[in-house]
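**Student:** Sequence and predicted structure are below.
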Amino acid sequence: MTDDRLLERAQCGDRDALNELCRREWRPIYALAYSALGNAAEAQDLTQEAFLRALRSLPSYRITGAPFHAYLKTVALNLIRDGWRKRRHVTVPLDGAQELPAREVGPEGQALAPDERRRLLAALEALPQDYGTVIRLRLLDGLSAADVARVMGRSPDAIRQLQHRALSALRATLSEGSRR
């Protein structure tokens, strides 16, 4: 049955025709809403609201030969735009707002980086050999505890404990160096 015939019957109160219209159009309108919103719950709410608005205006809807889908899509797009407009007008007072740290290294950090690297490498060299090895393999090379365990001939748990002790020793060595 065509959309126009279903619309005529739905306007006359035929619930089966109304159900068929809704069944045909629900998924495409939901897909439109989901692609715009990216949230399933919001897309369901918007789809439901689009259908409610369209069905409320059904008695006065004029059948023009255009697909009913186009009308539903327009209603849904208007609801999406309304939502965006509401979200866009949210203002956040900047008084007292915390500054977010920059993700990139600034000029000061670039100037200090070579010194910090030398200090870190010197502190690593001052550690016992096993400590330096576990830090290099786990943190600098990114190996798993199991991989480092195979390389060093220990269990993964022993490697995690060794790493913990090595980091504590490295922290202590670095803090001693900064006090000098």
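**Tutor:** Arrived safely. The structure presented is a predicted model; accordingly, all values stated were derived computationally and were not measured.
**Student:** Can you tell me how far residue 64 is from residue 7?
**Tutor:** Counting by C-beta to C-beta, to the nearest Å, the gap from residue 64 to residue 7 is 10 Å. To be clear about C-beta, it is placed using only N, CA and C from the backbone, and glycine gets the same treatment.
**Student:** Please list all residues in contact with residue 171.
**Tutor:** Residue 171 makes no contacts at all, as judged by C-beta atoms under 8 Å, 6 or more residues apart in numbering.
**Student:** how far away is it from residue 165?
**Tutor:** Distance, residue 171 to residue 165, using C-beta to C-beta: 11 Å.
**Student:** how many neighbours does residue 85 have?
**Tutor:** 9 (other C-beta atoms under 10 Å).
**Student:** pLDDT wise, what is the residue lying closest to residue 67 once chain neighbours are set aside at?
**Tutor:** Spatial nearest neighbour of residue 67, excluding adjacent residues (C-beta to C-beta, 6 or more residues apart in numbering): residue 3 at 5.6 Å. In this model, residue 3 is scored at 79, pLDDT.
**Student:** And residue 3, how close does it get to residue 56?
**Tutor:** Between residue 3 and residue 56 the computed distance is 18 Å (C-beta to C-beta).
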